[in-house]
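Visitor: Give me a model of this one.
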Amino acid sequence: MDNKHSMISLKEKLAELLEIIPKQSHIVYADYPLYGNVGDLFIMKGTESFFKEHGIRVKNRWNPDNFPFGRKLSKDTIIVCQGGGNFGDLYPYYQNFREKVVQAYPHNRIVILPQSIYYQNEENLKQTADIFSGHPDLYIVTREKASYQIAGNAFKRNHIRLLPDMAHQLFPILPTRASSSRKLRFIRTDHEANEDLQKHMHTKSYDWNTVLSTGDRRMIACFQTLNVLNKKAGNLLPMAYMWEKYSAYIVRKAIRFFSAYESVETSRLHGHILSSLLEKENTVIDNSYGKNANYYHTWMEGLPYARILQESARKKENLPAHL
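Guide: Okay, the predicted model is just below:
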């Protein structure tokens, strides 16, 4: 196998971020995820691990619900936005937040960590490009070739990079329980589900909402409510610290859940990435707009324990809208 496609080299490649977020730099982590998408929590944990390993000093951690717009930042402070798959118009709340940050801090470097880009409406993409073009020091890091192409076409005045998902920083992850011979079918059930590829599956499957217990979901809702109330009170409570502790429990729970299976079939990108971090055999099923296939063909093709469903491979040209 070509070393450029090994899990070790994917983690090492993330060190290229130091060219734009230097060691010992001071940053604000602008939009950590405070919700129950466990894949995004793996991204957050990988991001925090990267900061720690490279001596990057996090001055503040905020999320979109409590970010203090209007607070002045020193010009040497870098604003870092969470990576993931919510860049575009499928998740307007988070995209609107990033655009507002870009407009509010024209004198600070802003780095958007590795993202997949998808717009259903080209006018929305043009609107984002108009906003982003006004910032002279904005870095958009994409996490697969299709998004890199879109960003290169749409955001010509910004700096564009291509790097793997931040969860690769967590490699290796050791299983925390013995595995059986069972196969885990981990299939998304939201609006990104690819019904054509999943329709053949009549066996029992799981998703993040079934990994989380009712108590977990209630606790997450309590965190979200407390977070809003805390902002109204002046952000007196250390919400980021409290969430770091609870989200670490959720991530450990997900690792333990996946550890129990010998192999995985999944339409969740982070079902695929987590399985690969555990070095478990896994089969990738594409999502509704090509994100999983694009990621697989950019970084994961050639891994001895990962493959893609053939129907997904034939759909790899299912790319997002572009200018």
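
Visitor: Model confidence for residue 200, exactly?
Guide: The pLDDT attached to residue 200 in the predicted structure is 57.

Visitor: Let me know the average pLDDT across stretch 7-18.
Guide: Mean pLDDT, computed over stretch 7-18, is 97.

Visitor: If the spatially most central residue of the chain is in a bridge, with which residues?
Guide: With the centre of the chain defined as its mean C-alpha position, the nearest residue by Cα atoms, centre = their mean is residue 84, 2.3 Å away. On the basis of DSSP bridges, residue 84 takes part in beta bridges with residue 115.

Visitor: how deep is residue 180 tucked in, by neighbour count?
Guide: Neighbour count of residue 180, defined by other Cβ atoms under 10 Å: 9. For glycine as for every other residue, the C-beta is placed from the backbone atoms N, C-alpha and C.

Visitor: Assign it to one of the three secondary structure states.
Guide: When the structure is split into helix, strand and coil by DSSP: H, G, I helix; E, B strand; the rest coil, residue 180 lands in coil.

Visitor: Break down the stretch 51-200 of the chain into its strands, ranges please.
Guide: All strands of the stretch 51-200 of the chain, identified by DSSP state E, counting those that start in this stretch, fall at 57-61, 78-81, 84-88, 110-118, 138-142, 159-162, 183-186.

Visitor: where does the stretch 101-250 of the chain have low pLDDT?
Guide: Along the stretch 101-250 of the chain, the parts satisfying pLDDT under 70 run over 193, 195-202.

Visitor: So which residues of it form helices?
Guide: Along the stretch 101-250 of the chain, counting by DSSP state H, counting those that start in this stretch, helices occupy 122-132, 145-154, 195-198, 208-211, 214-232, 239-259.

Visitor: now the strands of the stretch 51-200 of the chain as JSON lines including distance to residue 300?
Guide: Shown next, in JSON lines, are the strands of the stretch 51-200 of the chain (distance: least, Cβ to Cβ, whole Å):
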{"stretch": "strand 57-61", "distance to residue 300": "29"}
{"stretch": "strand 78-81", "distance to residue 300": "24"}
{"stretch": "strand 84-88", "distance to residue 300": "15"}
{"stretch": "strand 110-118", "distance to residue 300": "14"}
{"stretch": "strand 138-142", "distance to residue 300": "16"}
{"stretch": "strand 159-162", "distance to residue 300": "14"}
{"stretch": "strand 183-186", "distance to residue 300": "16"}
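
Visitor: Show me the one of these that comes nearest residue 153.
Guide: Nearest to residue 153, of all these, is strand 159-162, at 9.7 Å by Cβ to Cβ.

Visitor: re earlier: most tightly surrounded among the helices of the stretch 101-250 of the chain?
Guide: Neighbour counts averaged per stretch over these are highest for helix 145-154, at a mean of 21; criterion: mean count of other Cβ atoms under 10 Å.

Visitor: can you tell me how far residue 94 sits from residue 100?
Guide: Computed with Cβ to Cβ, to the nearest Å, the distance linking residue 94 and residue 100 is 11 Å.

Visitor: residues in contact with the residue nearest to the centre of the chain?
Guide: Residues near residue 84 by Cβ atoms under 8 Å, 6 or more residues apart in numbering: 33, 39, 40, 43, 115, 116.

Visitor: now swap in residue 48 and tell me
Guide: Going by Cβ under 8 Å, 6+ apart, residue 48 touches residue 244.

Visitor: State the pLDDT value of residue 49.
Guide: Residue-level confidence at residue 49 comes out at 98, pLDDT.

Visitor: How about it, nearest residue that isn't a chain neighbour?
Guide: residue 169 (4.8 Å; Cβ to Cβ, 6 or more residues apart in numbering).

Visitor: Residue 204 too?
Guide: If the residues on either side of it in the chain are set aside, residue 204 comes closest to residue 185, at 7.0 Å by Cβ to Cβ, 6+ apart.
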